[in-house]
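1. what follows is a predicted structure for the sequence shown.
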Amino acid sequence: VMQIPDSYNQKNSLFNAMNRFIGAVNNMDQTVMLPSLLRDVPPTHDSAYFQPDADMYSSYILLKSIRNDIEWGVVHGEELRKEKAGVASMVVAEEDDLEKQFHFHLNGLHAVLSKLTHKANTLTNRYKEEIGCGN
């Protein structure tokens, strides 16, 4: 019997994490009318999610690139990885516990998407501060 997941589980689903991230980046993209204004703007006090030597513009470009990869796929990059990996390593990977691998990567992806969503929201708010347009 299939049960409907409760709201906590739905909130923490990978699908919803991806939607929150894409929504945050779309909001960032609509808010940031002049991305060049982010050049040389240092990260905010919430710099745990930002590279210490990077400016907000490089984060803006990174977030948009990741969103595009999620929405449109990364077929070319995946094909290159398969060629480099070789057939032997793929056979070994298939022999491992696939469920454990899946959960490991799912948890990792969820954590990364949460951090990226926070980064997009922080960048949007920082841009608003830079142009003098509060929250």
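-> Great, that's in hand.

2. ok, the closest residue to residue 124 other than its chain neighbours - how many residues close by?
-> Closest residue to residue 124 apart from its sequence neighbours, by C-beta to C-beta, 6 or more residues apart in numbering: residue 28 at 4.3 Å. Backbone N, C-alpha and C define where each C-beta goes, glycine included. The local packing count at residue 28 equals 24, with neighbours defined by other C-beta atoms under 10 Å.

3. now swap in residue 102 and tell me
-> Applying other C-beta under 10 Å, we find 10 residues neighbouring residue 102.

4. any idea how far residue 20 is from it?
-> Relative to residue 20, residue 102 is positioned 21 Å away (C-beta to C-beta, to the nearest Å).

5. identify each buried residue in the helix or strand containing the residue nearest to residue 124, please.
-> Using DSSP states H and E, the element containing residue 28 is helix 14-31. By neighbour count, and taking 16 or more other C-beta atoms under 10 Å as the criterion, the buried residues in helix 14-31 are 17, 18, 20, 21, 22, 24, 25, 28, 29.

6. residue contacts, the first one?
-> Going back to what we said before, that points to residue 17. When the contact criterion is C-beta atoms under 8 Å, 6 or more residues apart in numbering, the partners of residue 17 are 109, 110, 113, 114, 117.
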